[in-house]
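Q: Requesting a structural model of the entry that follows:
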Amino acid sequence: MLNGNDSVEDELELSTVRHRPEGLEQLEAQTRFSRKELQILYRGFKNECPSGIVNEDTFKDIYAQFFPQGDASTYAHFLFNAFDTDHNGSVSFEDFVMGLSILLRGTIQEKLNWAFNLYDINKDGYITKEKMDKNKDGVVTIDEFIDCCQNDENIMRSMHLFENVL
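A: Residues are numbered from 1 along each chain as shown. Coordinates of the predicted model:
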C-alpha cells in the first residue's frame, strides 16, 4: 500500500469494489519515479478516476480534454490499448504509471519499443508501413521500426520532449 503520507493512506481506504494499487516501494522499484512523484501522480489519477481504474470511454474523455481540437478518439484508443498492457479493458494506476515512466524517463530503446507497441494494433509483432519496411516483405518488424526511428532526426528529437515534464 502507498505509505508515507496520511492523506494518501486515507485515500487508499477503498471499498472492495475499488482497485487497490501496488505498494509504493514496488512502484518505485519498477518505475523511474520518486516516492513524492508517485504520490502526486496517484492523487491526480484518483481525482480523475476515483475507482482506481479507468475504462476506455473515460480515458477518451480525459484525453479529449488535453486535445480539444478535432476528434482524438482514434489515437486515444491506441493509447489506451498501449497502457492496458494486460488487455483487460481497463487501465489501473500501475498500468498508467508504468507507461508514463517509459514515456517520460525511459531510454530511447524503451520509448521506441513502447511506440512500436502503440502501433502494433493486433499485437502480432508487426506494423505495416511501406516507408519503414526495409526488406519490402509487407510488414515492419520491431528491428526495422527502431532502425528507421533512430535514423530520423525529428523522431529522435521528439523522444526527448517529455524528459523534464515531471
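Q: doesn't residue 54 fall inside a helix?
A: No - using DSSP: H, G, I helix; E, B strand; the rest coil, the secondary structure at residue 54 is strand, not a helix.
Q: What number of residues are in the vicinity of it?
A: 24 (other Cβ atoms under 10 Å). Quick note: C-beta positions are derived from backbone N, CA and C, even for glycine.
Q: Skipping its backbone neighbours, what lies nearest the residue minimising distance to the centre of the chain in space?
A: Among the residues of the chain, residue 99 comes closest to the average C-alpha position under Cα atoms, centre = their mean, at 3.0 Å. Nearest residue to residue 99, sequence neighbours excluded (Cβ to Cβ, 6 or more residues apart in numbering): residue 83, at 4.6 Å.
Q: which ones are touching the one you found?
A: Residue 83 sits next to 59, 91, 95-96, 99 when contact means Cβ atoms under 8 Å, 6 or more residues apart in numbering.
Q: cool, residue 126 as well?
A: Here residue 126 is in contact with 120, 139-141 (criterion: Cβ under 8 Å, 6+ apart).
Q: Return the distance of it relative to residue 93.
A: Using Cβ to Cβ, to the nearest Å, residue 126 is found at 31 Å from residue 93.
Q: Residue 121 too?
A: Look at residue 121 and residue 93: by Cβ to Cβ, they are 25 Å apart.
Q: who's more crowded, those two?
A: Regarding residue 121 and residue 93, a neighbour count based on other Cβ under 10 Å identifies residue 93 as having more, with 23 against 13.
Q: I'd say the more buried one and residue 44 touch.
A: No - using Cβ atoms under 8 Å as the test, residue 93 is too far from residue 44 to be in contact (10.0 Å).
Q: my hunch is that residue 88 is in a strand, does that hold up?
A: No - when classified by three-state DSSP, residue 88 is found to be coil rather than part of a strand.
Q: What count of nearby residues applies to it?
A: 10.
Q: Could you do residue 148 as well?
A: Using other Cβ under 10 Å as the criterion, the residues surrounding residue 148 number 17.
Q: now, which of the contacts of residue 83 sits nearest residue 37?
A: Nearest to residue 37 among these, counting by Cβ to Cβ, is residue 96 at 13.0 Å.
Q: With that, I have no additional questions.
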